[in-house]
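*Asks:* sequence isn't available, so here's the structure alone:
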């Protein structure tokens, strides 16, 4: 049974607050499309790894309904790590230490790592969801949100969510 103690926060985003432009493709120059900083606390006892999924839950599908659009998938975050710094995406090895074993998955742009938003309209909700897991994730070279969610079924010790609005 999942515990409710895990909390996910960002020093730059209030829950239900605006997603700053520099974390989107609407930013300017080098100050755009940067992965946002996230922090967590209250990791459940027995956690062996954490996983993060960020998606636009209001993305329109050209063929019809609203479907979530994945912007970032991060797996095998050690429980000793207390957050991901701003601009972390693509720099796991460069940051080193406990961060070196972290793996970024493929987003719905078919690219690894963070890819900021540029939806056609405002009011989109971006859900950052953190999972505390009882083991590492073993999905090979191409980790996607769907593969991750299938593989962690029954292995989640806790969940936390942060929502930002574009």
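*Replies:* Yes, it's here. Source: prediction; values computed, not measured. Numbers count the residues shown, from 1 in each chain.
*Asks:* helices and strands of the chain: which one has the lowest mean pLDDT?
*Replies:* Ranked by mean pLDDT, DSSP states H and E, the helix or strand of the chain with the weakest confidence is helix 92-95, at a mean of 82.
*Asks:* the helices in this protein, which residues?
*Replies:* Defined through DSSP state H, the helices belonging to the chain, from first to last, are 92-95, 145-152.
*Asks:* quick one, which of those gets closest to residue 46.
*Replies:* With respect to residue 46, and counting by Cβ to Cβ, the nearest of those is helix 145-152 at 14.3 Å. Heads up, the C-betas are built off the backbone N, CA and C, glycines and all.
*Asks:* low pLDDT regions in the protein?
*Replies:* Across the chain, residues meeting the criterion (pLDDT under 70) sit at 1-4, 27-30, 60-64, 120-121.
*Asks:* quick one, strands of it?
*Replies:* Secondary structure of the chain by DSSP state E: the strands cover 7-9, 17-18, 38-41, 49-56, 69-77, 83-84, 103-104, 125-133, 156-165.
*Asks:* from the contact counts, what lies against the last one?
*Replies:* Applying 3 or more Cβ pairs under 8 Å, 6 or more residues apart in numbering; DSSP states H and E, we find strand 156-165 packed against strand 7-9, strand 17-18, strand 125-133.
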